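Novice: Build me a structure from this.
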Amino acid sequence: VAGLGNYGLRGTRHSVGMAVLDRLARQLAVAEGWRADRRCCADVALAAARGLELVLLKPRRFMNLNGLSVASAAEIYNLRPEDIYLVHDDLDKALGKVAIKLGGSARGHNGVRSCISALHSNEMTRLRVGIGRP
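Specialist: Got it, this is the predicted structure:
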């Protein structure tokens, strides 16, 4: 589960994917388990939920390069694109509204575009979190 955003701009609506991952880590009781992983240039926490092993990932790169971290983590943890969930902001959704999208285009989102390019696939599931338009 990758929370897309700009690592240096945490706390902004554009980096809501990382905030969702922080919340998920707290709910899964692994919030103290975040560690910097230089192999994929990201903060990583491992968790278990409902019999599944999860890799929580917050890329330490700018949004338009998040895919490099996601692709590196996929290789390290032996994940296929269809195993990956991307959590990212969506300008076209009202603040706080969420939607799940299965595959498809990036719809203009640079972080998703980067992931599609780096993974050579658009099969990732996306959790789109509404941030509204300014």
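
Novice: Average pLDDT for the particular helix or strand that has residue 70 in it, rounded please.
Specialist: Take DSSP states H and E as the rule and residue 70 turns out to sit in helix 66-76. The average pLDDT for helix 66-76 rounds to 98.

Novice: helix or strand right after it?
Specialist: strand 85-90.

Novice: Can you give the contact residues for that following strand?
Specialist: For strand 85-90, contacts defined as C-beta atoms under 8 Å, 6 or more residues apart in numbering pick out 1-5, 13-17, 20-21, 70, 99, 109, 111-112, 115, 124-131. C-beta coordinates here come from the backbone N, C-alpha and C atoms, glycine included.

Novice: at 7 Å what do you get?
Specialist: Strand 85-90 has contacts (C-beta atoms under 7 Å, 6 or more residues apart in numbering) with 1-4, 13-14, 16-17, 20-21, 109, 111-112, 115, 124-131.
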